[in-house]
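S.K.: based on what follows, work out the 3D shape:
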Amino acid sequence: MAQITIVDPVTRIEGHMKVQVTIDTVGGKQQVTDAQCTGTQFRGFEKILVGRDTKDAPYITQRICGVCPVSHGTAASLAIEHAAGVTVPTNARILRNLTLGANFIQSHILHFYLLAALDYITPPASAPWTPVWNVDLMRSATLQQIGTNFTTAVTMRREAHEMAAIFAGRMPGLSAIQAGGFTTKPTSTMISTFSGYLNTLINFINNKYVPDVQVLANAYSDYRQIGKGPGNLIAFGVFDLSNGSNPSRLLKRGVVYSTNPTSVQTLSTAKITESVTNSWYDDTTNNLNPASGTTVTVDPATKANAYSWLKAPRYSNKACEAGPLARMWVNGDYRKGISVMDRHMARALETQKVANAMIGWLNQLTVGGSEYSTCIAPFNASGEGLTEAPRGALGHWMSTSPSTTVAPNGVASIKNYQVITPTCWNASPKDTAGVRGPMEQALIGTPVSVASQPIEVLRVVHSFDPCMSCAVHVMRPDGKPVTIIKGEPEF
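M.R.: Numbers count the residues shown, from 1 in each chain. All right, here's what the predicted structure looks like:
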C-alpha cells in the first residue's frame, strides 16, 4: 500500500527545504514512486534590490547565501560590468578566481564531511549528531577513515575561509569585490601567506578528501545506479583564464542533453525560461526569460497546485541538472555516470582541479598592478552575470532605470533584478508541462528499506548539495524526529 513520507525540514543543507515522497512496492521492491521538493521560505532579495544603486547589488546579493557569497558578488558585478561595457584588469580577474576558488574548496569539504558523509558513517556520539536512525551505516570498516578525518576537515574548511579572506577582506560576506574589479592590492606577503594555506589544503585534498570519497563509492557501489536525474546538464562556466567578453575558462560553459551525452552544445541564455505553474508566484509571470522576468508572489492558500517558493528554470523546455557533475561533464573531465556517487566523485575531483589551478593563478598576480576600472552602469541598460557557485550554474539579470528615476546619489538605479540559483535548477518543482525537476526525477525509483527512516532519500537529496538559503534552520524544540508518515501527528 502506497504511503507518503515527509521530511521537513531537511537538515544538513543550507536553508529551508521539505521533501515529500510517495513510497510503494513496485516489482517486489519498496521504492519512491513520486516526489515533491519544496523551498519553504520566501526571502525576496530581488524585490529588495529594486530602486537601489546598482553598486549595492554585489554586497546585498552576497547575503542570499553565506556559503557561496563570492559567487553572488561575482555574478552581480558581472551583470553591472556587462551593462556598462567594462572589462576588469587582469589582476582583478585573478583575484576573483583565487577568492572564488577558495570558496569552492571550503564548500566542497564542508559538503562531504559535515553534510553528506553522515548518511553513510556512524556520526560522533554527541549533539547535534545524536540520536541516530537505525539504518544502513558503516558497510565497511574502511569507512572509519572518513570519521577519523572529520575533525581535520573542519579545520581545513576554516583554513580555506582564512585563505580567501587574505584577498577578500573577510569571509563570508567579502568586502573586496565590486563592479569594476577588486579593492585589494596584493602584496608579496599576502601571496606568500595564501600559498602556505593553499599547499596545506592541496595536501588534504589529495591525501584525505579524494581517497575518502573513493572509499565511500566502493563501499556503497549500488549508489552508482541510484539517484540518476534527467541526464540533461547545464554549466555557465567559471574561472576566466583570459580577459574580454568571451574568455577561455578553466571550467567551460555549455549544455549536454541526455540524448547525446558526449556532445556539448553552445549555451544561449535566450533559451532559459522560468515556469511558475507549481510555484507560489503569479501566473502572469509564467515561462518568462529571466531578463524580462519579475517576482510577483501570491498567497499560497490561493494556488492549490503550487508547492514551492522555487521557480522552475528550464533550458529549451528541459529540466537540467547543475553542479560539479554538470561542470566536470561539460568540461570532459568526468563522464562515468550521473548517480549519487558520481556527484560525490565529480565534486572531489573538481576540488582537486581548482586547487591545482590556483597555484598558477597565484604566480600570475602582479604586485603593484591595477585591480580596478571605473564602472558606472548607464540609464536604460541591462546586463547579465553568469558564473558558477559551488552548487552549480548561477545567473543574475539586471536592468537599470530611465534617467527620470535615479538612485540617491544621482546615478542609475535598479529597475528590475532576477536571480536563478543552482538549487532552483536542481530542486525545482514541476513545470507547466508537468516535468519534474532534476532532484525530483532522481528520487523516483530510489529503493527505501524503512519508510519512517528514509535514509536512501536523504542520500539522493544530499548528493545535490541543495542550498535554499543561508538562514538559520527552524528546528522543533522538543527534539522529536522530523520524518512524518502522513496521517500521524507532526509533533
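S.K.: quickly note the distance from the closest residue to Ala412 other than its chain neighbours to Gly196.
M.R.: Taking CB to CB, 6 or more residues apart in numbering as the measure, Ala412 lies nearest to Thr400, with 4.0 Å between them; neighbours along the chain are not counted. (Each C-beta comes from the backbone N, C-alpha and C, glycine too.) From Thr400 across to Gly196, the span is 43 Å (CB to CB, to the nearest Å).
S.K.: mind checking which of these two has more residues around it?
M.R.: Each of Thr400 and Gly196 had its neighbours counted (other CB atoms under 10 Å), and the higher figure belongs to Thr400 (25 against 11).
S.K.: what confidence value was assigned to that one?
M.R.: In this model, Thr400 is scored at 96, pLDDT.
S.K.: make 29 the first number, not 1, from now on.
M.R.: Got it, the first residue is 29 from now on, which makes the last one we talked about Thr428.
S.K.: write down the beta-bridge partners of it, one by one.
M.R.: Here Thr428 sits in beta bridges with Ile442, as judged by DSSP bridges.
S.K.: who's in contact with it?
M.R.: 82, 111, 405-410, 440-443 (CB atoms under 8 Å, 6 or more residues apart in numbering).
S.K.: ditto for Thr323
M.R.: With contact set as CB under 8 Å, 6+ apart, Thr323 has these partners: 72, 74-75, 309, 313, 446.
S.K.: just among those residues, which is most surrounded?
M.R.: Neighbour count (other CB under 10 Å) singles out Tyr309 as the most crowded of the contacts of Thr323, with 25 neighbours.
S.K.: could you give the bridge partners of it?
M.R.: Taking DSSP bridges, one obtains Thr325 as the residues bridged to Tyr309.
S.K.: run a quick neighbour tally on Thr290.
M.R.: Here the count is done by other CB under 10 Å, and Thr290 has 8 residues near it.
S.K.: is it true that it touches Trp357?
M.R.: No: proximity of Thr290 to Trp357 does not meet the contact threshold set by CB atoms under 8 Å, at 9.5 Å.
S.K.: where does Glu109 sit, in terms of helix or strand?
M.R.: Using DSSP states H and E, Glu109 sits within helix 97-112.
S.K.: with just CA atoms, put that helix into PDB.
M.R.: Only the C-alpha atoms of helix 97-112 are listed here, as PDB (Å, rounded to 0.1, in the frame of the first residue of the first chain):
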ATOM      1  CA  PRO A  97      28.700  34.800  -1.200                       C
ATOM      2  CA  VAL A  98      31.700  35.100  -3.600                       C
ATOM      3  CA  SER A  99      29.600  33.600  -6.400                       C
ATOM      4  CA  HIS A 100      26.700  36.000  -5.900                       C
ATOM      5  CA  GLY A 101      29.100  39.000  -5.500                       C
ATOM      6  CA  THR A 102      30.800  37.900  -8.700                       C
ATOM      7  CA  ALA A 103      27.500  37.400 -10.700                       C
ATOM      8  CA  ALA A 104      26.200  40.800  -9.600                       C
ATOM      9  CA  SER A 105      29.500  42.500 -10.600                       C
ATOM     10  CA  LEU A 106      29.500  40.800 -13.900                       C
ATOM     11  CA  ALA A 107      25.900  41.900 -14.600                       C
ATOM     12  CA  ILE A 108      26.800  45.500 -13.900                       C
ATOM     13  CA  GLU A 109      30.000  45.300 -15.900                       C
ATOM     14  CA  HIS A 110      28.000  43.800 -18.800                       C
ATOM     15  CA  ALA A 111      25.600  46.700 -18.700                       C
ATOM     16  CA  ALA A 112      28.400  49.300 -18.500                       C
END
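S.K.: hmm, back to that, now the common contact residues for Thr290 and Trp357.
M.R.: When contacts are counted by CB under 8 Å, 6+ apart, the set common to Thr290 and Trp357 consists of Arg363.
S.K.: circling back: starting at the chain centroid, how far to the helix holding Glu109?
M.R.: Per CA atoms, centre = their mean, to the nearest Å, the displacement of helix 97-112 from the mean C-alpha position of its chain is 16 Å.
S.K.: following the chain past that helix, name the next helix or strand.
M.R.: Once the chain leaves helix 97-112, the next helix or strand it forms, by DSSP H and E, is helix 118-138.
S.K.: model confidence over that next one, on average?
M.R.: 98.
S.K.: which helices and strands does it pack with?
M.R.: Packing contacts for helix 118-138, counted by 3 or more CB pairs under 8 Å, 6 or more residues apart in numbering; DSSP states H and E, involve helix 97-112, helix 178-196, strand 209-210, helix 216-232, strand 266-268, helix 368-392.
S.K.: could I get the ones you listed as a markdown table with distance to Glu468 and mean pLDDT?
M.R.: Below are these laid out as a markdown table (distance: least, CB to CB, whole Å; pLDDT from 0 to 100):
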| stretch | distance to Glu468 | mean pLDDT |
| --- | --- | --- |
| helix 97-112 | 24 | 96 |
| helix 178-196 | 30 | 96 |
| strand 209-210 | 39 | 97 |
| helix 216-232 | 35 | 98 |
| strand 266-268 | 26 | 98 |
| helix 368-392 | 15 | 98 |
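S.K.: of these, which is nearest Thr158?
M.R.: helix 178-196 (14.6 Å; CB to CB).
S.K.: and that closest one, what does it pack against?
M.R.: Here helix 178-196 is seen to pack against helix 118-138, helix 216-232 when contacts are counted using 3+ CB pairs under 8 Å, 6+ apart.
S.K.: which is the next helix or strand following the shortest one?
M.R.: The C-terminal neighbour of helix 216-232 among helices and strands, as given by DSSP H and E, is helix 238-247.
S.K.: next one: the longest one
M.R.: Moving toward the C-terminus from helix 118-138, the next helix or strand (DSSP H and E) is helix 172-176.
S.K.: once you drop chain neighbours, what's closest to Ser135?
M.R.: Pro418 (3.7 Å).
S.K.: tell me the contacts of the one you found?
M.R.: Pro418 touches 95-96, 99, 131-132, 135-136, 139, 352, 493, counting by CB under 8 Å, 6+ apart.
S.K.: any idea how far it lies from Ser273?
M.R.: As for Pro418, its distance to Ser273 is 25 Å (criterion: CB to CB).
S.K.: neighbours of Thr394, how many?
M.R.: Around Thr394 sit 12 other residues, with neighbours defined as other CB under 10 Å.
S.K.: surely it meets Asn119?
M.R.: Yes: at 5.8 Å, Thr394 and Asn119 qualify as touching, with contact defined as CB under 8 Å.
S.K.: which neighbours do the two share?
M.R.: The overlap between the contact sets of Thr394 and Asn119 (CB under 8 Å, 6+ apart) is empty.
S.K.: nearest residue to the middle of this protein?
M.R.: The geometric centre of the chain, computed from its C-alpha atoms, lies nearest to Arg419 (CA atoms, centre = their mean), at 2.4 Å.
S.K.: for Gly201, see how far away Lys331 is.
M.R.: As judged by CB to CB, Lys331 and Gly201 stand 34 Å apart.
S.K.: got it, and Asn317?
M.R.: Applying CB to CB, one obtains 30 Å for the distance of Asn317 from Gly201.
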